[in-house]
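In: one predicted model, sequence on top.
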Amino acid sequence: MNGKIKSLLLVLLIAISLVGAGCVQQEDETPSEEAEPVIIGYPPWDDVRANTFVLKQVLESEGYEVETVNADLGAVFQGVSQGDIDIFAGAWLPTTQGLYWDKYEDDLDYVKNISTGAKIGLVVPTYVTIDSIDELNENKDKFEGVIQGIEPGAGIMATTEVAIEEYNLDYVLSASSTVGMAIELQDSIDNEEWMVVTLWQPHWAFSRMDLKFLEDPENVYGEGDNIVLVARKDLSEDRPDVYEIISRYEMELSDIESIMLDLDQGLTQEDAAAKWIENNPEKVNEWLGEEL
């Protein structure tokens, strides 16, 4: 009996020593197996959808599980600041969404600029014969005293409220959805009616319609924004592999606009992103730190 016990103990000791020495082989863990999903939050705007789903597919190609969360802008900023959302690939800073940044910046990581030169403001069809915001009051009747806006929580809506006060405009800012605004704008153009809307560039509307920004002599809307990739504060520490990829991520405004146009023409956000990725392998490999 003692001999059998000694033999059993010897076998156990050998097994333990092999495991400790790393001699027992285990399959390599993929990123999806060893970590929680990467969560990307996005509000319901096409420029953010473009970046979100391109970045999602790039991370998935490297083996990461990615989840997307659609929410209003304030909820996305709050979610990132609280650590519930890992990444927001589309903050417009410093002007358009500056109020949200000021509120949460202590708990956010400004990773990098995805794009520069983005612009917001009041936009009219090119056949409208005024060129500046300070001409709106004298043409109130032609515009029916309405500035057509988008979702109430959007940064451009808050900035437009400031513009109404700064220019002493006798106008009502009408909230809608981004899609609803674009439909009304197209209807007005089809009937050659005057209309002023809140709009930004990049946006597919500039590819589909003849539009112009009204000049902003008081500079309420700023000189231009960066489209910024924002992350939760500790992402670089506990997900350095993911952080390395997103820290190389950037897009030309024209590329974002091309994806937005595909979305408007009926492609799903996954298909529009996949189409861009297929046509831009060199760019994707730069983000991944690889060479073709």
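Out: Structure received. Numbers count the residues shown, from 1 in each chain.
In: for residue 139, give its distance to residue 133.
Out: Look at residue 139 and residue 133: by Cβ to Cβ, to the nearest Å, they are 11 Å apart. (Glycine included, C-beta is placed from N, CA and C.)
In: with neighbour numbers in mind, choose between these two.
Out: Between residue 139 and residue 133, counted using other Cβ atoms under 10 Å, the more crowded position is residue 133 (24 against 14).
In: that one and residue 213 touch, don't they?
Out: No. Residue 133 is beyond contact range of residue 213, at 9.5 Å (criterion: Cβ atoms under 8 Å).
In: low pLDDT regions in the chain?
Out: Scanning the chain for pLDDT under 70 picks out 1-34, 291-292.
In: so which bits of stretch 279-292 are buried?
Out: 283-284, 287-288 (16 or more other Cβ atoms under 10 Å).
In: sort out which of these are in helices and list them.
Out: Those of the buried residues of stretch 279-292 mapping onto helices are 283-284, 287, per DSSP state H.
In: can you tell me which of the residues you listed is nearest residue 118?
Out: Among these, residue 283 lies closest to residue 118 (Cβ to Cβ), at 18.8 Å.
In: got a list of what the residue nearest to residue 151 when sequence neighbours are not counted touches?
Out: Once flanking residues are discounted, residue 151 sits nearest to residue 177: 6.2 Å by Cβ to Cβ, 6 or more residues apart in numbering. Applying Cβ atoms under 8 Å, 6 or more residues apart in numbering to residue 177 gives the contacts 44, 150-151.
In: again with residue 107
Out: Residue 107 makes contacts with 80-82, 232-233, as judged by Cβ under 8 Å, 6+ apart.
In: show me the two of those that sit farthest apart.
Out: Checking those with Cβ to Cβ, the most distant pair is 82 and 233, at 10.1 Å.
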